[in-house]
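> here's my sequence, what's the structure:
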Amino acid sequence: MSIQEHKATAPDYARCMIVTVSDTRNKETDKSGYLIHSFLTEHHHQINEYQIIRDDIHLIKKAALFAIENEEIDVIIFNGGTGIATRDVTIEALAPLFEKEITGFGELFRMLSYTEDIGSGAMLSRAAAGVKGQTTIFALPGSSGAVKLAMNKLILPELTHIVQQMQK
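Next comes the predicted model:
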């Protein structure tokens, strides 16, 4: 079976949750959350939950567990808190939840960031992805450029394929 035939059996859409991790953004100023929402709806995916939470390890973990336990959510996309600043704790909250890490996501994201956008500063990104149960979790940087890159080049082309794999 070719990859195209394999992907053709994937569901038509993914049921998603968007979580913006920020101490300063709200629904009116959350440009990256809005972009994720726009990309998902443009590609006919369903947004079942959207939250903005503070850079707090317990709140991030709580949001992830809410989605993991919710049968109406296949994919969680976090944005923000993936850098190396002291307050950036998204990865510390999510990585212990991963039953399997999708290492290629972070590797490809940094490679694309390096070649297409920010050069050597790409090494400071800790963008990551993993799975827990049947839920896929992405953690993106909070900048709109990072969101556009991750969504267009990595997440959207594989989203329903990922959901299909998680349902096996």
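> touching, residue 68 and residue 135? I think so.
Yes - counting by C-beta atoms under 8 Å, residue 68 sits close enough to residue 135 to count as a contact (4.7 Å). In this view, the C-beta of every residue, glycine as well, is placed from N, C-alpha and C.
> which residues do those two both contact?
Common contact partners of residue 68 and residue 135 (C-beta atoms under 8 Å, 6 or more residues apart in numbering): residue 76.
> now do the strands in the protein.
With DSSP state E as the criterion, the chain has strands at 15-21, 46-53, 75-79, 100-101, 128-132, 135-140.
> where in this protein is pLDDT low?
The model of the chain has pLDDT under 70 over residues 1, 6.
> in stretch 127-136, which residues are buried?
Under the neighbour-count criterion of 16 or more other C-beta atoms under 10 Å, stretch 127-136 has 127, 128, 129, 130, 131, 132, 135, 136 buried.
> how about stretch 38-46?
39, 40, 45.
> now distance to residue 31 too, for these, in a markdown table please.
What follows is the buried residues of stretch 38-46, written out as a markdown table (distance: C-beta to C-beta, whole Å):
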| residue | distance to residue 31 |
| --- | --- |
| 39 | 13 |
| 40 | 15 |
| 45 | 19 |
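> from the residues you listed, which is closest to residue 82?
Checking the buried residues of stretch 38-46 against residue 82 by C-beta to C-beta gives residue 39 as the nearest, at 18.1 Å.
> which residues touch residue 154?
Counting by C-beta under 8 Å, 6+ apart, the residues that residue 154 touches are 105, 108, 109, 112.
> which pair of the residues you listed spans the longest distance?
Of all pairs in the contacts of residue 154, the most separated under C-beta to C-beta is 105 and 112 at 10.7 Å.
> which one of those two has more residues nearby?
residue 105 (22 against 17; other C-beta atoms under 10 Å).
> what does stretch 4-14 rub up against?
Contacts for stretch 4-14 (C-beta under 8 Å, 6+ apart): 40, 43-46, 74-75, 159-164, 167.
> same thing but 7 Å
44, 45, 46, 74, 75, 159, 160, 161, 163, 164 (C-beta atoms under 7 Å, 6 or more residues apart in numbering).
> kindly report the same for stretch 90-107.
Contacts for stretch 90-107 (C-beta under 7 Å, 6+ apart): 21, 57, 60-61, 64, 78, 80-82, 126-132, 137-139, 154.
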